[in-house]
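In: Quick one: sequence plus predicted model below, questions after.
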Amino acid sequence: MKIKKGDTIKVLYGKDAGKRASVIAINPKKNTVVADGVNVYKRHIKGDGRDKTSEIVNLVKPMPTAKVMLVCPLCNKATRVGMKIEDGKKVRVCKKCGKAIDEVKKEEVIKKVGTKAKKKTTNKTKTVKKKTTVKESTTKGKVKSKESKK
């Protein structure tokens, strides 16, 4: 199959036409793809009155691969996929921009991991002092207010 787990796809036709989603699972024998948030159906489950409660569950069902098209991570367009042999390995190639798709995905993962590590080390906490007013009542009915800083 030319679509793999983790790819971004675009739905070509059907009730979710035009939506983009990431692939959760594929089934090459049945030529189906399960994508996140696409082809979602509601299932009504009946409770037994004792332990189970009645509920409505959202199910993500598989859809045929003929209904979807791969979105190239470089040109960000829905494209057909070609195969090319480089260094003895089969590589998927975008038909629109002509670049290898698998290599781009590896570079993106490395960049994302590097930026997350930098963000964690640069976090600083700021403390803010707030002014609060406390009202105290006296025995004569007069109200005094005090301002305090924490």
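Out: Looks like it arrived, so ask away.

In: CA only for contacts and neighbour counts going forward, please
Out: Will do.

In: can you pull the contacts of K67?
Out: 11-14 (C-alpha atoms under 8 Å, 6 or more residues apart in numbering).

In: Equivalent analysis for I3, please.
Out: Neighbouring residues of I3 by C-alpha under 8 Å, 6+ apart: L70.

In: For it, give me the pLDDT.
Out: As predicted, I3 sits at a pLDDT of 92.

In: secondary structure class for it?
Out: What DSSP: H, G, I helix; E, B strand; the rest coil gives for I3 is coil.

In: for K42, same thing?
Out: Applying three-state DSSP: K42 is strand.

In: is it true that it touches N58?
Out: Yes. In this structure K42 lies within contact range of N58 using C-alpha atoms under 8 Å: 4.6 Å.

In: How many residues are close by I56?
Out: I56: 10 surrounding residues under other C-alpha atoms under 10 Å.

In: follow-up on the earlier one: looking at neighbours, which among the contacts of K67 is most surrounded?
Out: Going by other C-alpha under 10 Å, V11 tops the contacts of K67 with 23 neighbours.
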